[in-house]
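Colleague: No letters, just coordinates:
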């Protein structure tokens, strides 16, 4: 029929085949390669680097990206997004696997997603197989939304303007953070004119971004109003935010003693912020896909285009966050 497919793989092919394909037998590996190398199939790798093995979060992030991408594609084509699952009806309760994907999709059906279609394979074998156990031996990982921001034209401030900047602009960042439910606020830190924040969900990060940009607009209006008392800041001083969603390490920082977040996803978010237009919030496609899974999200996104990331980090498909 000439239909095209898009397949999402959590990391490089070698590790993926070793963990998810080869254990089923050599014929399955041949079938998988035939499918992935078909001219109508395009493969999207969440990362090409070797990932940490036996962590379900990497597979969970990949599945969530695929499901969110399906919803986004359906929106663009004004079509419906459906989930087809091949399931043995074994409820694992884990973060990854068919059961987890089924539960995630069920929470999204109040939005653009339609109910799942089940292919029941529970009768194809005798005793049910034990679900794969993903371990977290030493290093804790989790899914998170990463936010980097800074103030455009900060370097042009005079010495006398810096106290006002710290009190009003950096202080203004605390307001939207405090509006975010405590359970969603995993980490935040500032330096100079920059901010790094970590949220449990893309929806919370998007809400924070919109509130922060609104707070900056309010501050600019206040400072340009007649009768403002105190040193004013340049009108072109605006906040730019870059955001990404992915898997991160959660570790205690040996210098500060606080829990911090590390990993490739953090670097990805950091490379988006420098190419973001001042006064805007640009996010990755992974972030938008995650946002699409939440029917209660107050934010949506418009496609900006494919842009070169900072420090030769590659090309990113970027979107602009705005209120629904």
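Modeller: The structure has been received and is ready for your questions. In this text, all values refer to a predicted model and were calculated from it rather than measured experimentally.

Colleague: buried ones in stretch 149-157?
Modeller: 149-152, 154, 157 (16 or more other C-beta atoms under 10 Å). (C-beta placed from N, C-alpha, C; glycine too.)

Colleague: and if you look at stretch 14-29?
Modeller: 15-17, 19, 21.

Colleague: Contact partners for residue 91?
Modeller: residue 99 (C-beta atoms under 8 Å, 6 or more residues apart in numbering).

Colleague: whoops, residue 68 was the one
Modeller: 288-293.

Colleague: so where's this protein shaky on pLDDT?
Modeller: The chain contains residues with pLDDT under 70 at 1, 48-54, 111, 125-138, 225-231.

Colleague: the domain parsing of it - what is it?
Modeller: Using automatic domain parsing, the domain ranges for the chain come out as 5-120, 140-323.

Colleague: now the strands for the stretch 151-300 of the chain?
Modeller: 185-191, 194-199, 238-252, 259-262, 281-284, 299-308 (DSSP state E, counting those that start in this stretch).

Colleague: Contacts for the last one, please.
Modeller: Right, the one you point to is strand 299-308. So strand 299-308 is contacted by 203, 206-207, 209-210, 275, 282-283, 287-288, 291, 314-324 (C-beta under 8 Å, 6+ apart).

Colleague: Now, of the residues you listed, which are buried?
Modeller: Burial by neighbour count, judged by 16+ other C-beta under 10 Å, picks out 203, 206-207, 209-210, 275, 282-283, 287-288, 291, 316, 318-321 from those.

Colleague: for these, which one is nearest residue 163?
Modeller: Each of those was scored against residue 163 by C-beta to C-beta, and residue 209 proved nearest at 25.9 Å.

Colleague: wait, what's in contact with that closest one?
Modeller: 147, 241, 243, 281, 299, 321.

Colleague: Surely residue 276 is in contact with residue 282?
Modeller: Yes: the criterion here is C-beta atoms under 8 Å, and residue 276 meets it with residue 282 at 4.1 Å.

Colleague: Give me the common contacts of these two.
Modeller: 240-242.

Colleague: The closest residue to residue 154 other than its chain neighbours: neighbour count?
Modeller: The shortest distance from residue 154 to any residue other than its chain neighbours is 3.8 Å, reached at residue 193 (C-beta to C-beta, 6 or more residues apart in numbering). Counted with other C-beta atoms under 10 Å, residues neighbouring residue 193 total 20.

Colleague: Which single one of the shared contacts of residue 276 and residue 282 is nearest to residue 42?
Modeller: Nearest to residue 42 among the shared contacts of residue 276 and residue 282: residue 242, at 25.8 Å, using C-beta to C-beta.

Colleague: Let me know whether the closest one touches residue 276 as I believe.
Modeller: Yes: the pair residue 242 and residue 276 qualifies as a contact (C-beta under 8 Å) at a distance of 5.1 Å.

Colleague: which one of the two has more residues nearby?
Modeller: residue 242 (29 against 25).

Colleague: Any idea what the more buried one is bridged to?
Modeller: Note on residue 242: beta-bridge partners by DSSP bridges are residue 148, residue 282.

Colleague: Show me which of the shared contacts of residue 276 and residue 282 is closest to residue 182.
Modeller: The nearest member of the shared contacts of residue 276 and residue 282 to residue 182, counting by C-beta to C-beta, is residue 241 at 21.1 Å.
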